[in-house]
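In: no FASTA, just this:
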(Lines give C-alpha, C1' and ligand atoms only; values in the text may rest on other atoms or scores of the structure.)
Protein backbone atom coordinates (compact mmCIF):
# COMPACT_ATOMS: atom_id res chain seq x y z
CA UNK A 1 0.00 0.00 0.00
CA UNK A 2 1.00 3.59 -0.56
CA UNK A 3 -0.05 6.24 1.94
CA UNK A 4 -0.12 9.92 1.03
CA UNK A 5 -0.58 13.23 2.82
CA UNK A 6 -0.49 16.81 1.60
CA UNK A 7 0.53 20.04 3.30
CA UNK A 8 -0.48 23.48 2.04
CA UNK A 9 1.79 26.44 2.79
CA UNK A 10 0.35 29.81 1.90
CA UNK A 11 0.45 33.52 2.63
CA UNK A 12 3.53 34.28 0.54
CA UNK A 13 3.71 37.46 -1.54
CA UNK A 14 6.34 37.37 -4.24
CA UNK A 15 7.39 39.40 -7.23
CA UNK A 16 9.09 37.78 -10.18
CA UNK A 17 9.58 37.89 -13.90
CA UNK A 18 10.27 35.39 -16.62
CA UNK A 19 12.79 37.39 -18.60
CA UNK A 20 12.88 34.94 -21.51
CA UNK A 21 9.12 35.25 -22.16
CA UNK A 22 9.56 38.29 -24.39
CA UNK A 23 6.37 37.38 -26.29
CA UNK A 24 4.33 37.77 -23.09
CA UNK A 25 3.65 40.33 -20.39
CA UNK A 26 5.20 37.80 -17.99
CA UNK A 27 8.65 39.19 -18.80
CA UNK A 28 7.69 42.25 -16.72
CA UNK A 29 7.95 42.23 -12.94
CA UNK A 30 4.64 41.08 -11.52
CA UNK A 31 3.48 39.52 -8.29
CA UNK A 32 1.20 36.96 -6.77
CA UNK A 33 0.15 35.70 -3.38
CA UNK A 34 1.49 32.22 -4.00
CA UNK A 35 0.95 28.99 -2.12
CA UNK A 36 2.51 25.56 -2.22
CA UNK A 37 1.02 22.11 -1.84
CA UNK A 38 3.57 19.49 -0.81
CA UNK A 39 2.72 15.83 -1.48
CA UNK A 40 4.36 13.18 0.71
CA UNK A 41 4.16 9.42 0.33
CA UNK A 42 5.37 6.24 1.97
CA UNK A 43 4.71 2.53 2.08
CA UNK A 44 5.50 2.36 5.81
CA UNK A 45 3.66 4.53 8.35
CA UNK A 46 5.59 5.66 11.42
CA UNK A 47 4.85 4.59 14.99
CA UNK A 48 1.95 7.09 15.12
CA UNK A 49 0.51 5.66 11.89
CA UNK A 50 1.44 8.87 10.06
CA UNK A 51 3.14 9.39 6.74
CA UNK A 52 5.02 12.48 7.94
CA UNK A 53 4.70 14.59 11.08
CA UNK A 54 3.88 18.15 10.00
CA UNK A 55 5.84 19.39 13.01
CA UNK A 56 8.87 19.14 10.71
CA UNK A 57 8.20 22.70 9.60
CA UNK A 58 9.25 24.15 12.96
CA UNK A 59 11.60 21.39 14.10
CA UNK A 60 15.03 23.01 14.70
CA UNK A 61 16.73 19.72 13.81
CA UNK A 62 15.35 19.83 10.25
CA UNK A 63 17.32 22.55 8.48
CA UNK A 64 17.28 23.89 4.93
CA UNK A 65 20.19 26.22 4.28
CA UNK A 66 20.63 26.60 8.06
CA UNK A 67 16.96 27.49 8.74
CA UNK A 68 13.91 25.57 9.88
CA UNK A 69 11.68 24.69 6.95
CA UNK A 70 9.12 27.27 8.06
CA UNK A 71 11.78 29.99 8.26
CA UNK A 72 13.24 28.91 4.90
CA UNK A 73 9.86 29.24 3.17
CA UNK A 74 9.42 32.71 4.69
CA UNK A 75 12.96 33.71 3.74
CA UNK A 76 12.51 32.54 0.15
CA UNK A 77 8.94 33.56 -0.59
CA UNK A 78 7.60 36.19 1.82
CA UNK A 79 7.74 39.67 0.25
CA UNK A 80 10.64 38.74 -1.96
CA UNK A 81 11.64 39.29 -5.56
CA UNK A 82 12.72 36.09 -7.28
CA UNK A 83 14.77 36.08 -10.45
CA UNK A 84 16.66 33.50 -12.46
CA UNK A 85 20.41 33.42 -12.01
CA UNK A 86 20.84 34.18 -15.72
CA UNK A 87 18.53 37.22 -15.78
CA UNK A 88 20.26 39.83 -17.97
CA UNK A 89 19.36 42.53 -15.42
CA UNK A 90 20.83 40.58 -12.50
CA UNK A 91 23.21 43.39 -11.53
CA UNK A 92 20.36 45.92 -11.44
CA UNK A 93 18.39 43.67 -9.11
CA UNK A 94 21.45 43.23 -6.89
CA UNK A 95 21.84 47.01 -6.79
CA UNK A 96 18.19 47.46 -5.79
CA UNK A 97 18.69 44.90 -3.03
CA UNK A 98 21.79 46.77 -1.80
CA UNK A 99 19.73 49.98 -1.70
CA UNK A 100 17.09 48.26 0.43
CA UNK A 101 14.41 48.41 -2.27
CA UNK A 102 13.77 44.67 -2.43
CA UNK A 103 14.66 41.33 -0.89
CA UNK A 104 16.26 39.42 -3.75
CA UNK A 105 16.20 35.64 -4.05
CA UNK A 106 17.91 33.91 -6.94
CA UNK A 107 16.98 30.48 -8.24
CA UNK A 108 18.49 28.59 -11.19
CA UNK A 109 15.53 29.24 -13.51
CA UNK A 110 12.31 31.17 -13.02
CA UNK A 111 8.76 29.98 -13.67
CA UNK A 112 6.18 28.44 -11.39
CA UNK A 113 7.20 25.07 -12.79
CA UNK A 114 10.83 25.76 -11.90
CA UNK A 115 9.86 27.07 -8.44
CA UNK A 116 8.05 23.76 -7.90
CA UNK A 117 11.18 21.88 -8.97
CA UNK A 118 13.39 24.05 -6.74
CA UNK A 119 11.19 23.39 -3.67
CA UNK A 120 10.90 19.69 -4.53
CA UNK A 121 14.69 19.36 -4.58
CA UNK A 122 15.38 21.48 -1.48
CA UNK A 123 12.62 20.08 0.74
CA UNK A 124 12.77 16.58 -0.74
CA UNK A 125 16.37 16.21 0.37
CA UNK A 126 15.41 17.13 3.94
CA UNK A 127 12.45 14.71 3.98
CA UNK A 128 14.50 11.82 2.62
CA UNK A 129 17.31 12.45 5.10
CA UNK A 130 15.20 12.84 8.22
CA UNK A 131 12.87 9.95 7.44
CA UNK A 132 15.85 7.69 6.71
CA UNK A 133 14.42 7.13 3.25
CA UNK A 134 10.99 6.07 4.54
CA UNK A 135 9.13 9.12 3.16
CA UNK A 136 9.37 10.82 -0.19
CA UNK A 137 8.28 14.31 -1.14
CA UNK A 138 7.07 13.25 -4.56
CA UNK A 139 5.25 16.33 -5.84
CA UNK A 140 5.07 20.09 -5.31
CA UNK A 141 2.32 22.32 -6.66
CA UNK A 142 2.76 26.09 -6.88
CA UNK A 143 -0.41 28.18 -7.09
CA UNK A 144 -0.24 31.73 -8.41
CA UNK A 145 -3.91 32.07 -7.49
CA UNK A 146 -7.01 29.88 -7.66
CA UNK A 147 -6.90 29.69 -11.47
CA UNK A 148 -3.21 29.01 -12.23
CA UNK A 149 -0.98 26.29 -10.84
CA UNK A 150 2.14 24.42 -11.87
CA UNK A 151 3.65 21.19 -10.59
CA UNK A 152 6.82 19.19 -10.51
CA UNK A 153 6.58 15.51 -9.70
CA UNK A 154 9.05 12.65 -9.33
CA UNK A 155 8.30 9.80 -11.74
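Out: All right, it came through fine. Note that the structure is predicted; figures quoted are calculated from it, not measured.

In: number of nearby residues for residue 43?
Out: 11 (other CB atoms under 10 Å). For the C-beta atoms, the positions are set from N, CA and C on the backbone; glycine is no exception.

In: actually residue 79, sorry about that
Out: 12.

In: For the spatially closest residue to it that is not a sequence neighbour, which residues are in contact?
Out: Spatial nearest neighbour of residue 79, excluding adjacent residues (CB to CB, 6 or more residues apart in numbering): residue 13 at 5.3 Å. Residues in contact with residue 13 (CB atoms under 8 Å, 6 or more residues apart in numbering) are 31, 32, 33, 34, 78, 79.

In: so which strand or helix has residue 13?
Out: Residue 13 is part of strand 3-16, with elements assigned from DSSP states H and E.

In: Each with direction, which strands does that strand pair with?
Out: Here strand 3-16 has these sheet partners by DSSP bridges: strand 30-42 (antiparallel), strand 80-84 (parallel).
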